[in-house]
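A.B. asks: Just to be clear, the model below is a prediction. Sequence and coordinates:
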Amino acid sequence: TIVNAIPVAGLTSSDGDDIICDGDQVIFTGTGGTTYEFFLNDVSLGAASAITTYTTDTLNNNDAVKVAAFSNGCSDTTAAIIITVNPLPTITFVSDDADSTICDGDVVEFTATGGTMYEFLVNNTIAQAFSADNTYDTDTLNNGDMISVVVDDGNCTDTSEVIPFIVDPAITATIATSDA
């Protein structure tokens, strides 16, 4: 009679403290077996296979992930890793120019809410680095510039929708006389 050893299942996550922001990707890795079956909230994610990882970016707060490791007809199941999922900041982002059309050189003020730190971007380039200042004033916008803000609420960061701007060129007035 052959007695096979029971595998010792192991499970780790790619997130050290198992606290993530909504939409973050986490990779769970099973060890101790030759095939693995992952479970989310005690529901199997598929038949056992040689794949040692489960990757997801759709976890909800308090989701529980565990794995069963199989080897030589025996199995062991880990305790669950419970994931805390923090919501993304709720961003409000506006400019003081309602139609987003200005004349060259006009000053525009952008205001964001929803966080404690704000980083303003023009065409995805930092225009005002992270700070507690939730406003950004500029008179250097060009036609077609896209302005957005990254908001950090102390737990998570998110980026606003862009505000595209139309900048009409400056008008140069000339005076002509008919004196000859």
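C.D. replies: Sure thing, it's come through. Numbering: from 1, shown residues only.
A.B. asks: quick one: low-confidence parts of the chain?
C.D. replies: Within the chain, the ranges that satisfy pLDDT under 70 run 179-180.
A.B. asks: ok, and the closest non-adjacent residue to Ile51?
C.D. replies: Excluding the flanking residues, the one nearest Ile51 by CB to CB, 6 or more residues apart in numbering is Tyr36, at 6.7 Å. Heads up, the C-betas are built off the backbone N, CA and C, glycines and all.
A.B. asks: Now do the contacts for the most centrally placed residue in the chain.
C.D. replies: Nearest to the geometric centre of the chain sits Asp158, at 5.5 Å (CA atoms, centre = their mean). Applying CB atoms under 8 Å, 6 or more residues apart in numbering to Asp158 gives the contacts Leu88, Pro89, Ile91, Val150, Val151.
A.B. asks: Beta-bridge partners for the residue nearest to Ser14 when sequence neighbours are not counted, please?
C.D. replies: Spatial nearest neighbour of Ser14, chain neighbours left out: Ile27 (4.1 Å); criterion: CB to CB, 6+ apart. When bridges are called by DSSP bridges, Ile27 pairs up with Thr55.
A.B. asks: swap in Cys21?
C.D. replies: Residues in a beta bridge with Cys21, per DSSP bridges, are Asn86.
A.B. asks: now the one 10 residues further on
C.D. replies: Taking DSSP bridges, one obtains Gly10 as the residues bridged to Thr31.
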